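Novice: Got a sequence here, can you model it:
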Amino acid sequence: STLGNNSPLIIIDGVPGRGDEFSRLTGEEIESINVLKDASGAIYGARSANGVILVTTKRGKYGEAPKVTFTYDLGLQQPTRLVKVANAVEYAEAYNAMQAITGGTPKFSAEEIEIFRNGSDPYDHPNTNWMEEIIKPVSAQHKYGVSINGGSERVAYFVQFNGQYQDGIYEKSATNYSQYNLRSNIDINVTKSFKLGVDVSARQQHKNYSAYPSNNYGIFYQAMRAFPYSAPYYPDGKIRSNSSVDNKNPAILVQDITGYNKTTINTINTTLSADWDLSFITEGLSVNGKLAYDVVNNFNKTWTTPWTVYSYDAKTEEFIAGKSSANKPSLKETQAQSTTTTLNASINYDRDFSGHHVTALAGFEQSSYRYDTFNAQINNFDSDILDEFFAGSADKNNYSIGGKAIETARRSFFGRLGYDYKSKYMIQGIIRFDGSENFPKENRWGVFPGVSVGWRLSEEPWIKDNAPALTNLKIRASYGEQGNDQIGSYRYTTLYEVVN
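Specialist: Reported below is the predicted structural model:
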């Protein structure tokens, strides 16, 4: 693999750059997956250094009766292992032992430790395993789908709808994920020699979380720092304060009482393809082309609110209400959109001359990508009743906005020439010229050649006669040059420094 971005190039139905879609495909819509890791990947030039994955989705078949398939999967997930933490008794004894070593005064009396052990005072001396308080024993996920495929003499189709729902692993969790997919692959025989393909894939994702993150200093971090001699709630259900070193209550951080962090992602991938058989000119000649247009819209809304917490006065046996934070509610919204346009066309030749099989290809590809994002935030809302910008503070000191844009493009010319004799002796040469806007003009183009030779030993009589079980024994050697242009747009401009 290479430095920087070392992800493989994923090509779905002949369209490169749809790597994010690969992880969202279901097994029911995938026809085949092929991995190119050797020099054969050089045909994809400046994007092939980390390997190439070719994915083909299912299509209908001409002249087949409609076939309907329904699937449903239920999955159960649970943590394989959780950190074992000290209970209140162990913590108190260890803390007192540390104080004894350093000459300090014990913090917990023998009487208090015994109360932790017998649980007789859940108000002032609880004994809590915070991992068990915030993690469910088991969470469910559901996947379902229905598809129909078939075709007449002129039209073939594969249409699928599927969805999934995954619950979070937290107790009283605000975390969950849902997704809905629709795929339609339509093939049309316009004439005997001319075919059209219209593919549409649409997906909507909903990601829901509490307003508090699960990152390095998030919920699990706070659970590890929570005191075992505290608890998330009092026996009557009131939320406790001072539950951890950072005065955070991990069992509350996972809930929507903190606010929410919601993301909706809408994705549409469209492809129009055409294949024209030119055998009327010469046998084995054809041309094909694809026009693909992809749009991804991402909207995130994060609403953060303080919540009411209580402390207990053992002398007066009264609860004192307070706020989890001195901060007032805040709202942040982020809108992002990306568009990708890809055009490719090629002329192909594939013909057999009495065992001498010749193939040739010459093609062109061009793609452009644009990403725009804008975000705005208002802090210090006077009330948590309404989570919209117009209800926010009128003080512009509480406003912040930001945004950015990324744009890049590629252009490529490629060719391949192959020969084999009765599928026994094979040789193939490939070359690609790639131009990428990620590099300065004087270094924008690269050449990526490749060659491979093969010998299918299993076709030799001395193998067939003596080792018939070896049906596809082959020796193959290849050489190719590949590249990686995944360095970010205009990155080369950072190499220059202005000095006064």
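
Novice: Next, the buried residues of the helix or strand containing Leu343.
Specialist: Counting by DSSP states H and E, the element that carries Leu343 is strand 330-353. Neighbour counts using 16 or more other Cβ atoms under 10 Å place 330-334, 336, 338, 340, 342, 344, 346-349 of strand 330-353 among the buried residues. The way it works is simple: take the backbone N, C-alpha and C, and place the C-beta from them, glycine included.

Novice: Equivalent analysis for stretch 371-380, please.
Specialist: Going by neighbour count (16+ other Cβ under 10 Å), the buried part of stretch 371-380 is 371, 373, 375-379.

Novice: ok so, going back, using CSV, lay out the buried residues of strand 330-353 together with pLDDT and distance to Asn398.
Specialist: Shown next, in CSV, are the buried residues of strand 330-353 (pLDDT from 0 to 100; distance: Cβ to Cβ, whole Å):
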residue, pLDDT, distance to Asn398
Ser330, 94, 8
Leu331, 96, 10
Lys332, 96, 12
Glu333, 97, 15
Thr334, 97, 18
Ala336, 97, 23
Ser338, 96, 30
Thr340, 96, 37
Thr342, 96, 43
Asn344, 95, 50
Ser346, 97, 56
Ile347, 97, 61
Asn348, 97, 62
Tyr349, 97, 67
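
Novice: Same list (the residues you listed) but as TSV, adding distance to Gly284.
Specialist: Shown next, in TSV, are these (distance: Cβ to Cβ, whole Å):
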residue	distance to Gly284
Ser330	66
Leu331	63
Lys332	59
Glu333	57
Thr334	53
Ala336	46
Ser338	40
Thr340	33
Thr342	27
Asn344	21
Ser346	14
Ile347	11
Asn348	8
Tyr349	5
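
Novice: Low-confidence stretches in the stretch 1-150 of the chain?
Specialist: Residues of the stretch 1-150 of the chain meeting the criterion pLDDT under 70: 1-4.

Novice: make it 90
Specialist: The stretch 1-150 of the chain contains residues with pLDDT under 90 at 1-9, 17-28, 36-51, 78-85, 123-124, 132.

Novice: quick one: Ser241 and Tyr312 touch, right?
Specialist: No. Using Cβ atoms under 8 Å, Ser241 makes no contact with Tyr312, being 9.5 Å away.

Novice: Comparing these two, which residue is more hemmed in?
Specialist: Ser241 (19 against 15; other Cβ atoms under 10 Å).

Novice: what's near enough to touch that one?
Specialist: Ser241 makes contacts with 247, 249, 309-311, 322, 324, as judged by Cβ atoms under 8 Å, 6 or more residues apart in numbering.

Novice: Which among these count as buried?
Specialist: Among those, those classed as buried by 16+ other Cβ under 10 Å are 249, 309-310, 324.

Novice: quick one: Tyr91 is in a helix?
Specialist: Yes. Tyr91 sits within a helix when classified using DSSP: H, G, I helix; E, B strand; the rest coil.

Novice: Please determine how far it is located from Gly168.
Specialist: Using Cβ to Cβ, to the nearest Å, Tyr91 is found at 28 Å from Gly168.

Novice: And the strands in the stretch 151-300 of the chain?
Specialist: Ranges of strands within the stretch 151-300 of the chain are 155-167, 176-189, 194-209, 259-277, 285-304, based on DSSP state E, counting those that start in this stretch.

Novice: Turn those strands into CSV, columns for mean neighbour count.
Specialist: As requested, the strands of the stretch 151-300 of the chain are arranged in CSV below (neighbours: other Cβ atoms under 10 Å):
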stretch, mean neighbour count
strand 155-167, 18
strand 176-189, 17
strand 194-209, 17
strand 259-277, 18
strand 285-304, 18
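
Novice: Now, the buried ones among the contacts of Ser241 that are in strands?
Specialist: Counting by DSSP state E, the members of the buried ones among the contacts of Ser241 that fall within strands are 309-310.

Novice: now the helices: where do they sit in the stretch 301-450 of the chain?
Specialist: Taking DSSP state H, counting those that start in this stretch as the criterion, the stretch 301-450 of the chain carries no helices.

Novice: Show me the shaky parts of it.
Specialist: In the stretch 301-450 of the chain, residues with pLDDT under 90: 308, 311-318, 322-327, 382-384, 393-395, 422-423, 436-444.

Novice: ok, 80 please
Specialist: Residues of the stretch 301-450 of the chain that meet the criterion pLDDT under 80 lie in 325-326.

Novice: residue boundaries of the strands in it?
Specialist: Using DSSP E, counting those that start in this stretch, strands in the stretch 301-450 of the chain cover 308-313, 318-323, 330-353, 356-378, 399-421, 425-436, 445-456.

Novice: how far does the first one sit from the chain's center?
Specialist: It stands for strand 308-313. On the basis of Cα atoms, centre = their mean, to the nearest Å, strand 308-313 is displaced by 42 Å from the centre of the chain it belongs to.

Novice: That strand packs against which elements?
Specialist: strand 318-323 (3 or more Cβ pairs under 8 Å, 6 or more residues apart in numbering; DSSP states H and E).

Novice: between the strand it packs on and strand 308-313, how big is the angle?
Specialist: Orientation note: strand 318-323 sits at an angle of 150 degrees relative to strand 308-313 (axes from the mean of the first three to the mean of the last three Cα atoms, to 10 degrees).

Novice: List the strands paired with strand 318-323, with their directions.
Specialist: Sheet pairing of strand 318-323 (DSSP bridges) gives strand 308-313 (antiparallel).

Novice: Identify whichever of the strands of the stretch 151-300 of the chain lies nearest to Asn127.
Specialist: Checking these against Asn127 by Cβ to Cβ gives strand 155-167 as the closest, at 28.5 Å.

Novice: what helices or strands is that closest one leaning on?
Specialist: Under the contact definition 3+ Cβ pairs under 8 Å, 6+ apart, strand 155-167 sits against strand 139-151, strand 176-189.

Novice: can you tell me the average pLDDT over that strand?
Specialist: Averaging pLDDT along strand 155-167 gives 96.

Novice: Show me the strands paired with it, marking each as parallel or antiparallel.
Specialist: strand 139-151 (antiparallel), strand 176-189 (antiparallel).

Novice: Name the residues of the first one that come out as buried.
Specialist: The one in question is strand 139-151. 139, 143, 145, 147, 149-151.

Novice: neighbours around Gly454, how many?
Specialist: Under the neighbour criterion other Cβ under 10 Å, Gly454 is assigned a count of 17.

Novice: again with Pro66
Specialist: Neighbour count of Pro66, defined by other Cβ under 10 Å: 10.

Novice: hey, what's the residue lying closest to it once chain neighbours are set aside bridged with?
Specialist: Using Cβ to Cβ, 6 or more residues apart in numbering and skipping residues adjacent in sequence, the residue nearest Pro66 is Gly150, 4.0 Å away. In this structure, Gly150 bridges to Tyr157 when assessed by DSSP bridges.

Novice: Point to the residue nearest the middle of the chain.
Specialist: Geometric centre of the chain, nearest residue: Asp20, 5.5 Å, by Cα atoms, centre = their mean.

Novice: would it count as being in a helix?
Specialist: Yes. Assignment of Asp20 by three-state DSSP places it within a helix.

Novice: In contact with it, which residues?
Specialist: Neighbouring residues of Asp20 by Cβ under 8 Å, 6+ apart: 267, 296.

Novice: Quick check: it vs Ile12, distance?
Specialist: Applying Cβ to Cβ, one obtains 10 Å for the distance of Asp20 from Ile12.

Novice: circling back to that earlier point, reformat the strands of the stretch 301-450 of the chain as CSV; add distance to Ala202.
Specialist: Listed next are the strands of the stretch 301-450 of the chain as CSV, based on distance: least, Cβ to Cβ, whole Å:
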stretch, distance to Ala202
strand 308-313, 43
strand 318-323, 44
strand 330-353, 15
strand 356-378, 20
strand 399-421, 24
strand 425-436, 29
strand 445-456, 34
